[in-house]
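1. Got a predicted model here, sequence first, then my questions.
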Amino acid sequence: MPALIIAGTHSGVGKTTVTLGLMAALLRRGMIVQPFKVGPDFIDPTHHTAICGRPSRNLDTFMMGSDGVRRSFLSAIKGADVAVVEGVMGLYDGIGGTDEASTADVAKVLGIPVVLVVNVHGMSRSAAALIHGFRSFDPAVNIAGVILNQVGSERHLKALRESINFRIFGALPRRKSISLPSRHLGLAMGFEIDHDVNALADLMEENVLLDELLDACTLQIAVPETEIGESGEGRVRIAIAHDEAFCFYYQDNIDRLRAAGAEIVPFSPIRDALPDVDGIYIGGGYPELHAASLESGRCIQQIRAAASDGMPIYGECGGLMYLGEHLVLDEKSYKMAGVLPASTVMTGRLQALGYVEADVIRENPVAPNGSVVRGHEFHYSRMECDRDAKLAYRLRRGQGIADGMDGLVEHMTLGGYLHAHFASFPVEHFMESCMAYKRM
């Protein structure tokens, strides 16, 4: 099957537009497209999913390890005709000065070719030097060809073709009509936008040699018989908050819960009552944009009562904010669930962004004591904790809540800024906590 990674020379070159356009064009040809995203980003995958109709998966060697990346990729492509992976930042940009967790790292782990997007605005022959540098920098990375973006004119394209001695799959003209709205955490979510799929597909069909690109990126891939997403026995029911306030989840995390035996029960903390469940998972998102609705939501008192009763509850970032006592926004305070002894203050500026690695040093319902949890943090808020607040994570890297610590624990509730990837620790511990509560 064809499998390729859309990479860029740096951020902002048009990777997302090219990726979505390629997905739309292949879909219009009748192909089943399996989307992926390199890195910890939650937003781009929602756009992939909206177009392809299949959940987009994150591929991240820091959070998942090389084996985890391979398992997720091979599991997800079952039943697909083509795999399209959107890269992150520039092709070789990884953690610090290394290529760990870079697009190049994922390309080498999976052994699939790269299509390099180059913004040629203001360049002609210099683009050839740039492409030469990217091709020679790491011979282990298979760059199959390039797509030129922001081509100014036919004359500009002629000069580029004369100087670039490498396969050019396509040349996209300067066009402002196709753009995605953004806000403080990045692009708007995919389910909030009415994508002009035909316009995206037309852009690719008119300017990219799609057949040549697919032929150059076709590989022999052995797909395993089983996959992570297969359902378990439904031993416990876990409610997962999913609405406009809480929408940041790694698909693999949900699949791992299912595989471990969980029945997933989606609900909206804004509109719904708490379902009849044995545990709760509240991911990240935008609670600050829906604070008033959350404060008056039907289930906020029910979640507080469930926590007091010992139900296992796990909150990440936005979930942490919701499980706290108050959310302070523009000098106005909104009452939250009051489970965790802390309040959130929105600061209006970025407080933390990057990978997190944490040692688990306190008993909690989610990650076993003594394990190491890896993930990501990205927030514009800070927590004000009570003096007697108990924290479960000692950070090796990352900002966390305070003083190199993260993961507030109260009753059988854990909440932290850390968006954990469940490939980094045994998720069965959370299942066991839910099973114990079910038997109470």
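-> Arrived safely, thanks for sending.
2. contacts, neighbours, all on C-alpha from now
-> Fine.
3. All the helices of this structure, residue numbers only.
-> Counting by DSSP state H, the chain has these helices, from start to end: 15-28, 43-52, 61-76, 103-110, 125-137, 154-163, 197-207, 210-216, 251-259, 291-295, 300-308, 318-323, 428-439.
4. Name all residues that make contact with residue 320.
-> When the contact criterion is Cα atoms under 8 Å, 6 or more residues apart in numbering, the partners of residue 320 are 415-417.
5. Which one (most neighbours) among the residues you listed?
-> Neighbour tally across those (other Cα atoms under 10 Å): the maximum, 32 neighbours, falls on residue 415.
6. I figured that one hits residue 400, correct?
-> No - here residue 415 lies out of contact with residue 400, judged by Cα atoms under 8 Å, at a distance of 11.0 Å.
7. hey, what's in contact with both of the two?
-> Both residue 415 and residue 400 are contacted by residue 407, under the criterion Cα under 8 Å, 6+ apart.
8. The residue lying closest to residue 142 once chain neighbours are set aside: neighbour count?
-> When the adjacent residues along the chain are set aside, residue 142 lies closest to residue 113, with 5.0 Å between them (Cα to Cα, 6 or more residues apart in numbering). By other Cα under 10 Å, 23 other residues sit near residue 113.
9. What does residue 113 show for phi and psi?
-> Geometry field for residue 113 lists phi and psi as phi -80, psi 160, criterion degrees, to the nearest 10.
10. Let's see the pLDDT reported for it.
-> Per-residue confidence for residue 113 comes out at a pLDDT of 97.
11. give the contact list for it.
-> Going by Cα under 8 Å, 6+ apart, residue 113 touches 3-5, 107, 141-144, 217.
12. if we go to 10 Å?
-> The contact partners of residue 113, by Cα atoms under 10 Å, 6 or more residues apart in numbering, come to 2-6, 104, 107, 141-145, 216-219.
13. Next step: these restricted to strands.
-> Within these, membership in strands is found for 3-6, 143-145, as judged by DSSP state E.
14. residues of stretch 356-371 that come out buried?
-> Of the residues in stretch 356-371, those buried by neighbour count under the rule 16 or more other Cα atoms under 10 Å are 356-369.
15. before we move on, what about stretch 377-386?
-> When neighbours are counted by 16+ other Cα under 10 Å, the buried residues of stretch 377-386 are found to be 377-379, 381-385.
16. export the residues you listed to JSON lines and tack on distance to residue 118 and pLDDT?
-> Below are these laid out as JSON lines (distance: Cα to Cα, whole Å; pLDDT from 0 to 100):
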{"residue": "377", "distance to residue 118": "29", "pLDDT": "98"}
{"residue": "378", "distance to residue 118": "28", "pLDDT": "96"}
{"residue": "379", "distance to residue 118": "30", "pLDDT": "95"}
{"residue": "381", "distance to residue 118": "35", "pLDDT": "97"}
{"residue": "382", "distance to residue 118": "38", "pLDDT": "96"}
{"residue": "383", "distance to residue 118": "41", "pLDDT": "97"}
{"residue": "384", "distance to residue 118": "45", "pLDDT": "96"}
{"residue": "385", "distance to residue 118": "47", "pLDDT": "96"}
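17. just curious, which of these is nearest to residue 346?
-> For the buried residues of stretch 377-386, the closest approach to residue 346 (Cα to Cα) belongs to residue 381, at 4.3 Å.
18. Run through the bridge partners of the closest one.
-> On the basis of DSSP bridges, residue 381 takes part in beta bridges with residue 346.
19. how much space between it and residue 333?
-> 14 Å (Cα to Cα, to the nearest Å).
20. Find the residues that touch each one of the two.
-> With contacts taken as Cα under 10 Å, 6+ apart, residue 381 and residue 333 have 327, 344-345 as neighbours in common.
21. List just the nearest of the contacts of residue 113 to residue 203.
-> If you rank the contacts of residue 113 by distance to residue 203 using Cα to Cα, residue 6 comes first, at 15.9 Å.
22. The ones in strands among the contacts of residue 113: which two are farthest apart?
-> The span of the ones in strands among the contacts of residue 113, defined through Cα to Cα, is set by 3 and 145 at 13.5 Å.
23. of the two, who's got more company?
-> The neighbour count for residue 3 versus residue 145, taken as other Cα under 10 Å, is higher for residue 3 (25 against 21).
24. Against residue 141, how distant is the more buried one?
-> Separation of residue 3 from residue 141 (Cα to Cα): 14 Å.
25. Residue 84 now?
-> Using Cα to Cα, we find residue 84 at a distance of 17 Å from residue 141.
26. Same check on residue 297?
-> According to Cα to Cα, residue 297 stands 50 Å off from residue 141.
27. got any ranges where the stretch 101-250 of the chain has weak pLDDT?
-> 176-195, 224-233 (pLDDT under 70).
28. Try it again at 80.
-> In the prediction, the stretch 101-250 of the chain carries residues with pLDDT under 80 at positions 175-195, 221-234.
29. picking up where we left off before, now, which of the ones in strands among the contacts of residue 113 sits nearest residue 311?
-> Among the ones in strands among the contacts of residue 113, and counting by Cα to Cα, the member closest to residue 311 is residue 5, at 42.0 Å.
30. Would you agree that closest one is in contact with residue 104?
-> Yes - with contact taken as Cα atoms under 10 Å, residue 5 and residue 104 are classed as touching, separated by 9.2 Å.
31. which residues are in contact with both of those two?
-> 38, 87, 91, 113-114, 143.
32. Make CSV from those residues and add distance to residue 277 to it.
-> Compiled in CSV, the shared contacts of residue 5 and residue 104 are given as follows (distance: Cα to Cα, whole Å):
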residue, distance to residue 277
38, 33
87, 37
91, 43
113, 44
114, 44
143, 48
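33. Just flag the most distant two among these.
-> Put simply, by Cα to Cα the two of the shared contacts of residue 5 and residue 104 set farthest apart are 38 and 143, 16.3 Å from each other.
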